[in-house]
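Colleague: Sharing a model prediction with you, sequence too.
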Amino acid sequence: MTQRHLLIVEDDPDTANLLQMYFAGSGYDTHVIGRGPEALSAARHKPPDLVLLDINLPGMNGLDVCAALRAAPRTAYLPIIFISERNSQADRIAGLSAGAHDFVAKPFDLEELRLRVQAAINRAERDHLTDPRTGLPTGRLVDEQIRRVKEQPGWHALECQIDSFRAFVDLNGFAAGDDVLKFAAHLLRDVVATHGTADDFLGHPANDTFIILTAALDPDALAQALQARFDEDVKTHYSFMDAEQGFIQIRGNDGQMTQAPLMTLRVREK
């Protein structure tokens, strides 16, 4: 199972350490940040599977952080759970109105909190909000974001399709195919962080297809960097002999062996 990435936004060192140790021990990849602006930057650079967000943060409070996450295309879909010492009905309504999925009062039971975190992540996947293999938005979230950028000048929609992916899976199996998808998602995040903007959106609408919605001034440079990186780095998923000869051999529907090219990434503007 893919390790889940949890962003913990908590300024109290004791609570932050407790949460980090517990969730790391429960198999999560945890990242702890104590201030709102730094949390926004971290979430946009590497969107987590869920955000645990304290309301009482110094400077920029948790409600404002939540609203900013909801307003940015890359983080609009993230499950968010508020944790707070404030436990009145008004506080809960304010947290849920800001866009949080859940509200947990301090002091909290760690096991109950873990179950709430897992339930929120499972719900996002069940509702086809994220692909469990890549952690990227899928389904209606991608459609909503595409409709949004079409109404705004300066945005570009880049469709990224992995050619020869099916042949690779036929030869190596679904687990190896999932590894390629995880690799592709990581590569897209890395290249977009270098050549795109902080608010660019990445999605995974279909098995071998990704989408990038970017406000980059030079989307062609972004596309070229993606293709060059993918076409070179994907070779590590092949045997040395296959990578050297530039193709694999698979059995066709007629039972005969045939050659299939190595995977490449085809990027085109929609």
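Modeller: That came in fine, so what should we check first? Residues are numbered from 1 along each chain as shown.
Colleague: Helix or strand: which one has the nearest residue to Phe210 once chain neighbours are set aside?
Modeller: Excluding its sequence neighbours, the residue lying closest to Phe210 (C-beta to C-beta, 6 or more residues apart in numbering) is Cys160, at 4.3 Å. C-beta here means a position set from N, CA and C on the backbone, and glycine is covered the same way. Using DSSP states H and E, Cys160 falls within strand 156-163.
Colleague: what's next to that strand, contact-wise?
Modeller: 146, 149-150, 180, 184, 188, 208-216, 219, 222-223, 226, 230, 261, 263-270 (C-beta atoms under 8 Å, 6 or more residues apart in numbering).
Colleague: Repeat that for stretch 78-92.
Modeller: 10, 43, 47-56, 62, 66, 69, 95, 99-106, 108, 113, 116-117, 120-121, 123-124.
Colleague: rewinding a little: I'd like to know which elements the very next helix or strand once past the strand holding Cys160 is packed against.
Modeller: Counting by DSSP H and E, the next helix or strand C-terminal to strand 156-163 is helix 165-172. Applying 3 or more C-beta pairs under 8 Å, 6 or more residues apart in numbering; DSSP states H and E, we find helix 165-172 packed against helix 174-195, strand 247-251, strand 257-261.
Colleague: export these to JSON lines and tack on mean neighbour count and mean pLDDT?
Modeller: As requested, these are exported to JSON lines (neighbours: other C-beta atoms under 10 Å; pLDDT from 0 to 100):
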{"stretch": "helix 174-195", "mean neighbour count": "17", "mean pLDDT": "94"}
{"stretch": "strand 247-251", "mean neighbour count": "15", "mean pLDDT": "89"}
{"stretch": "strand 257-261", "mean neighbour count": "12", "mean pLDDT": "90"}
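Colleague: got these as JSON lines, with distance to Gly154 columns?
Modeller: Putting these into JSON lines (distance: least, C-beta to C-beta, whole Å) gives the following:
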{"stretch": "helix 174-195", "distance to Gly154": "15"}
{"stretch": "strand 247-251", "distance to Gly154": "41"}
{"stretch": "strand 257-261", "distance to Gly154": "36"}
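Colleague: wait, which of the ones you listed is closest to Gly27?
Modeller: helix 174-195 (16.5 Å; C-beta to C-beta).
Colleague: Following element in sequence after that closest one, please.
Modeller: Next element after helix 174-195 (DSSP H and E): strand 201-206.
Colleague: got the contact list for the helix or strand just after that following strand?
Modeller: As assigned by DSSP H and E, the chain's next helix or strand after strand 201-206 is strand 209-214. Contacts with strand 209-214, where a contact means C-beta under 8 Å, 6+ apart, come from 73, 136, 142, 145-146, 149, 155-162, 184-185, 188, 192, 196-197, 200-205, 222, 226, 270.
Colleague: Any quick ChimeraX command for the buried ones out of those residues?
Modeller: For the buried members of the contacts of strand 209-214, the matching ChimeraX selection, counting by 16 or more other C-beta atoms under 10 Å, is:
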select :73,136,142,145,146,149,155,156,157,158,160,162,184,185,188,192,196,197,200,201,202,203,204,205,222,226
